[in-house]
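Colleague: what's the 3D shape of this:
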Amino acid sequence: MTTPNGAIKFNNLTGSDTQSSGLGPAVAVYGSGASTTGASNVVTGINTAGVSSGDLLWVQSSSGRQFSIITTVDSGSQVTCDDNFDNTESGRTWAIGGKRATWDNADSRRLFGGDCAAGFVIETETDQSLTSTILLSHNKGAANEFVTIRGSSAHKTINQTVNDEIFDCANWSGGKNTFKYLKFTNTNASKGNANAIRIANQAETFTFKNCIFGDATNTLRYGIYALNWARTVVHQCLFTDSEIGYHAYWNPSGNSSFTECVVRNMSSHGYYQASGEQNTVVNSVFHNCGGYGVYITGEGQVIGCICHGNTSGGIYLSPAYGNESTMAARNILVSNGGYGIHSVTNATYGDLDNVFDNAYFNNTSGQALNANIDPITLTADPFVDAANGDFNLNNAAGGGVVLRSTKYTLGG
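Modeller: Prediction:
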């Protein structure tokens, strides 16, 4: 496979879906005379001025493949590509370079699907609006293949206008996938299927870094909906004003992580996991959710998190199968309805003794149900301004001062 020369760029203000491929010369070369041969990776009848190996060729074929990375520039009118084209055709619209305009364009969508290849970076410089779900389909099968979908900077908004997912993993086999610097919203009045992404039946890793899911006006149902073997890494993301931030169901492959995130104002749980193995929730904040901040049935660990003002309680833990274990350690649980930590005892399913060194203040039903080793009992609110989302520790006696002075030592 030829290494792409950079990101495949989109800009809905200056780009073109009819005269650009998204990767190549800054000013695209394009025309209408491309010829392809079925089951061949050679394309003729184009202009290769300024074109290099690693650029992206787009040919508007009548069916099948439209995009491929250029392997060699053979002449002033011919290139050899990484992939075969599917039809014998002539007089086809083509382009190399420039910027494409919209993710919603039918041809552009092939970059997320059948034409996606190892090393692709799909980058938008502007917000994007969708009128249907983008189906992610990458099936080349090599375990070391990486694909990145990102905003160029800050958080570019990807808005879905129908009651459906923004992304749905249809046939992603092999490789690892990263989403960065994106904001996911839905402006449809109905929210029954309005998830940012649905990942199902995938053993590959989907990574989300520095993304935003939902806002107060354009809400989602679930931010991330992970099903059946899905494996995720979620880091430094914000989930806000939706039904559930992260929803995992029957995820036996486990080994997913959720770190340094903020989940707030959910109508139900902040983080929900129904069955799964070895999933970790670390150093994250869950506040003002209508259910629990973190709700786990199965095997999972919750470490160093803050749960504040969640209606049902702070953390819920319940092993689902034999030999599973749950753990909640060094969390701060303040002003939750119900218990700070609600752990379910069951002699058949797992070990619930691993609830220790957690700090509690003002939880409606008390500190913890069933398991609670070495609790830290606070007598004052420990946060600077939790009502306005500032969860830094204050200097209040019995509150932040206690936590600032609490030290943990190995072997002590």
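Colleague: Looks to me like I158 is in a helix.
Modeller: No: assessed with DSSP: H, G, I helix; E, B strand; the rest coil, I158 is strand; it does not lie in a helix.
Colleague: Beta-bridge partners for it, please?
Modeller: Q128, F184 (DSSP bridges).
Colleague: show me the contacts for it.
Modeller: By Cβ atoms under 8 Å, 6 or more residues apart in numbering, I158 lies in contact with W103, T124, D127, Q128, L130, I166, L182, K183, F184, T185. C-beta coordinates here come from the backbone N, C-alpha and C atoms, glycine included.
Colleague: Can you tell me which of the residues you listed lies closest to P4?
Modeller: T124 (16.3 Å; Cβ to Cβ).
Colleague: Quick one: the helices in this protein, in order.
Modeller: Shown for the chain, the helices assigned by DSSP state H span residues 400-405.
Colleague: For the residue lying closest to R110 once chain neighbours are set aside, list the residues it contacts.
Modeller: Spatially, and ignoring its direct neighbours in sequence, R110 is nearest to Q66 (5.3 Å; Cβ to Cβ, 6 or more residues apart in numbering). For Q66, the contact set (Cβ under 8 Å, 6+ apart) comprises W58, V59, Q60, D107, R110, D115.
Colleague: Give me the buried subset of these.
Modeller: Buried members of the contacts of Q66, counted by 16 or more other Cβ atoms under 10 Å: W58, V59, D107, R110, D115.
Colleague: Could you report the distance from the fourth one to G276?
Modeller: As judged by Cβ to Cβ, to the nearest Å, R110 and G276 stand 33 Å apart.
Colleague: same question, the last one
Modeller: D115 is 33 Å from G276, where distance means Cβ to Cβ.
Colleague: now do the third one
Modeller: Note on D107: its distance to G276, by Cβ to Cβ, is 38 Å.
Colleague: got the contact list for the nearest residue to V79 once chain neighbours are set aside?
Modeller: In this structure, V79 finds its nearest non-sequential neighbour in I70, 4.8 Å apart by Cβ to Cβ, 6+ apart. By Cβ under 8 Å, 6+ apart, the contact set of I70 is 2, 51-57, 79-82, 96.
Colleague: In strands, which of those fall?
Modeller: L56, L57, V79, T80, C81, D82, I96 (DSSP state E).
Colleague: who wins for most neighbours among those?
Modeller: The most neighbours of any of these, using other Cβ atoms under 10 Å, belong to I96, which has 29 neighbours.
Colleague: what residues are up against it?
Modeller: Counted by Cβ under 8 Å, 6+ apart, I96 has contacts 21, 24-25, 28-30, 46, 48, 51, 55-58, 70.
Colleague: okay, the contacts of Q66 in JSON lines with pLDDT and distance to F258 next?
Modeller: Converted to JSON lines, these look like this (pLDDT from 0 to 100; distance: Cβ to Cβ, whole Å):
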{"residue": "W58", "pLDDT": "98", "distance to F258": "38"}
{"residue": "V59", "pLDDT": "98", "distance to F258": "42"}
{"residue": "Q60", "pLDDT": "97", "distance to F258": "42"}
{"residue": "D107", "pLDDT": "98", "distance to F258": "36"}
{"residue": "R110", "pLDDT": "95", "distance to F258": "32"}
{"residue": "D115", "pLDDT": "92", "distance to F258": "32"}
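Colleague: So what's the residue count around the nearest residue to N358 once chain neighbours are set aside?
Modeller: For N358, ignoring the flanking residues on the chain, the nearest one in space by Cβ to Cβ, 6+ apart is N331 at 4.8 Å. Using other Cβ under 10 Å, N331 has 26 other residues around it.
Colleague: How confident was the prediction at the nearest residue to N392 once chain neighbours are set aside?
Modeller: Leaving aside its sequence neighbours, N392 sits nearest to V384 (Cβ to Cβ, 6+ apart; 4.7 Å). Confidence at V384, expressed as pLDDT, is 97.
Colleague: Distance of V384 relative to G340?
Modeller: From V384 to G340 the distance is 20 Å (Cβ to Cβ).
Colleague: Give the residue from the two that has the larger number of neighbours.
Modeller: Comparing V384 with G340 by neighbour count (other Cβ under 10 Å), the higher total belongs to G340, at 32 against 15.
Colleague: where does the stretch 251-400 of the chain have low pLDDT?
Modeller: 251-254, 277, 320-324, 345-353 (pLDDT under 70).
Colleague: Now I197. Nearest residue, chain neighbours left out?
Modeller: F167 (4.3 Å).
Colleague: Surely the one you found touches S132?
Modeller: No: taking contacts as Cβ atoms under 8 Å, F167 lies outside contact range of S132: 11.3 Å.
Colleague: Neighbour count: the two, which is higher?
Modeller: Applying other Cβ under 10 Å to F167 and S132 shows that F167 carries more neighbours, namely 23 against 14.
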